[in-house]
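Student: build me a structure from this.
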Amino acid sequence: MINLNLSSISHGKVGSQESVDLDIAHVAVGTLVLDQLQGTLHLMRVDDGVTVTGVLKARAKTECTRCLTPFFEPITIELEDTLSLPGAEITEERPVRISGDGWADFAPLVREYTWLGLPPSPICSPDCLGICPHCGENRNLGECACGEADKIDPRWEVLRELVEDSD
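Tutor: The predicted model follows:
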């Protein structure tokens, strides 16, 4: 949960503004884990809610698509949304509502915008070797023992026979 007290702005006049600094060492938002969530949120009271904008930096726990190793991917989260006022209905368009006592849980917004900011195929490092397609060993940790390097795809075996026949 990422709870912020917005009672002053939610009860303020239309056009009133304030900023909130975030600095959270570790937070789990559903299945998403974030480290070093930092940034500033700018809030402005509008007629039907509170508009929030801001840029947050974080490290999101994800999995390398090559070697399947979990790692933390640095990301930038650009938020721009409107929070509903107390008593308003929560909808897909407005998943966050300020409670009657002025608190709002920003977790749904952070989760949504983090997923949008993550690369579709995260890679732990540019030189990641991935896993062996035959035995599943992580090739970044060393050579696998399946001996796949010595095996030849049977479809190419005819070419090997041609080379051996020409000798």
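Student: what about Val110, which helix or strand?
Tutor: helix 107-117 (DSSP states H and E).
Student: now that helix, how far from the centre of its chain.
Tutor: Between the centre of helix 107-117 and the centre of its chain there are 7 Å (CA atoms, centre = their mean, to the nearest Å).
Student: for that helix, buried residues please.
Tutor: Residues of helix 107-117 classed as buried: Ala107, Pro108, Leu109, Val110, Arg111, Glu112, Tyr113, Thr114, Gly117 (neighbour count, 16 or more other CB atoms under 10 Å). Just so you know, the C-beta spots here come from the backbone N, C-alpha and C atoms, and that holds for glycine as well.
Student: tell me, how many residues neighbour the closest residue to Thr91 other than its chain neighbours?
Tutor: In this structure, Thr91 finds its nearest non-sequential neighbour in Ser84, 7.9 Å apart by CB to CB, 6 or more residues apart in numbering. Neighbourhood size, Ser84 [other CB atoms under 10 Å]: 20.
Student: state the pLDDT value of Ser84.
Tutor: Per-residue pLDDT puts Ser84 at 87.
Student: next one: phi and psi at it?
Tutor: With angles defined as degrees, to the nearest 10, Ser84 sits at phi -80, psi 150.
Student: you'd agree it is up against Gly49?
Tutor: Yes: using CB atoms under 8 Å, Ser84 is in contact with Gly49, at 5.3 Å.
Student: what do those two both touch?
Tutor: By CB atoms under 8 Å, 6 or more residues apart in numbering, Ser84 and Gly49 have these common neighbours: Arg94.
Student: in this protein, which spans are helices?
Tutor: Under the criterion DSSP state H, helices of the chain are mapped to 7-10, 107-117, 157-166.
Student: who wins for proximity to Ile24 among those helices?
Tutor: Ranking those by proximity to Ile24 (CB to CB) places helix 107-117 first, at 9.6 Å.
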